[in-house]
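S.K.: pasting the structure only:
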């Protein structure tokens, strides 16, 4: 039996797993994201329990994914200062002595969903997380979309709603999609976390407007066969019909899309999309 490792590296926690060649997860570990030395020091013994063929990693970013770059495998310009310019993948390869394959956390989630989740059997999908930040991973023609860098779809520019005076929360772009619609933007605009505003319709009408603007741009450029929306903010299930309604208004009949209730959906793998995709990456990447 062959064994593979997986890491979903998030800004607040690392989820680690060991799986078999059949895809079954046989062990898991969740630890808080601390300094690189503390975090990696805690996960190495977990992976050393089995003789692994390889390790797949879906990581918070920004990260360097260009294999020709001198800093390939580094976490680069992250606001988590202890991890800034950290040689994440080289360090894992050195300590474990196995190949390590690397992508973004949202790319890993997209991979999990297209292989085993809501987009199973399709050739393309878009996975979007809306939480402490906004990010998206895309698969087109069966391949992850990335080049000299990886997509940062949470930082596209959107139009401010006429009733919104909030200036935006992104330190780089102010009123980009993440700056206007991620969890911290909701909290700063309304003075409470989203989970405490579940019954305030105005909050979610505005949130849906911004997210629908983002979806319109993604659809017009990438034409995904399925859009999957996860993350803490999207656990407010009443957001989905609002987003579909706003998207319909924005598109104004320009495109002939599938039934939006089947087209824009929650993750089929729930909170396991990322770790599942990381395990698939370990098994299939070259």
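M.R.: That came in fine, so what should we check first? Fair warning: this is a prediction, and the values are worked out from it, not measured in the lab.

S.K.: Does the most centrally placed residue in the chain fall in a helix, a strand, or a coil region?
M.R.: Residue closest to the mean C-alpha point of the chain, counted by CA atoms, centre = their mean, is residue 106 at 2.4 Å. Following DSSP: H, G, I helix; E, B strand; the rest coil, we place residue 106 in the helix state.

S.K.: measure the nearest residue in space to residue 51 that is not next to it in sequence to residue 202 for me?
M.R.: The shortest distance from residue 51 to any residue other than its chain neighbours is 6.5 Å, reached at residue 3 (CB to CB, 6 or more residues apart in numbering). In this view, the C-beta of every residue, glycine as well, is placed from N, C-alpha and C. If you measure residue 3 against residue 202 using CB to CB, to the nearest Å, the figure is 51 Å.

S.K.: Settle it for me: which of these two has more neighbours?
M.R.: residue 3 (18 against 10; other CB atoms under 10 Å).

S.K.: bridging residues for the more buried one?
M.R.: When bridges are assigned using DSSP bridges, the partners listed for residue 3 are residue 20, residue 52.

S.K.: That one contacts residue 50, correct?
M.R.: Yes: counting by CB atoms under 8 Å, a contact exists between residue 3 and residue 50, whose distance comes to 4.4 Å.

S.K.: Tell me how far the helix or strand where residue 58 lies lies from the chain's centre.
M.R.: Per DSSP states H and E: residue 58 is located in strand 52-59. The chain centre lies 17 Å from the centre of strand 52-59; the measure is CA atoms, centre = their mean, to the nearest Å.

S.K.: Following the chain onward from it, which element is next?
M.R.: In the C-terminal direction, the helix or strand that comes right after strand 52-59 (DSSP H and E) is helix 88-96.

S.K.: Relative to residue 154, how far out is residue 248?
M.R.: The span separating residue 248 from residue 154 equals 23 Å under the rule CB to CB.

S.K.: Who has more neighbours out of these two?
M.R.: When residue 248 is set against residue 154 and neighbours are counted by other CB under 10 Å, the residue ahead is residue 154, at 22 against 13.

S.K.: Is that one in a helix, a strand, or coil?
M.R.: The three-state assignment at residue 154 reads helix, by three-state DSSP.

S.K.: what's near enough to touch it?
M.R.: Contact criterion CB atoms under 8 Å, 6 or more residues apart in numbering gives 133-136, 176-178, 182 as the residues in contact with residue 154.

S.K.: From those, pick the one nearest residue 9.
M.R.: Nearest to residue 9 among the contacts of residue 154: residue 135, at 13.0 Å, using CB to CB.

S.K.: And the residue lying closest to the closest one once chain neighbours are set aside, how far from residue 50?
M.R.: With CB to CB, 6+ apart as the measure, residue 106 is the residue that lies nearest to residue 135, at 4.4 Å, once sequence neighbours are left out. If you measure residue 106 against residue 50 using CB to CB, the figure is 27 Å.

S.K.: My read is that the residue nearest to residue 135 contacts residue 131, right?
M.R.: No: using CB under 8 Å as the test, residue 106 is too far from residue 131 to be in contact (10.7 Å).
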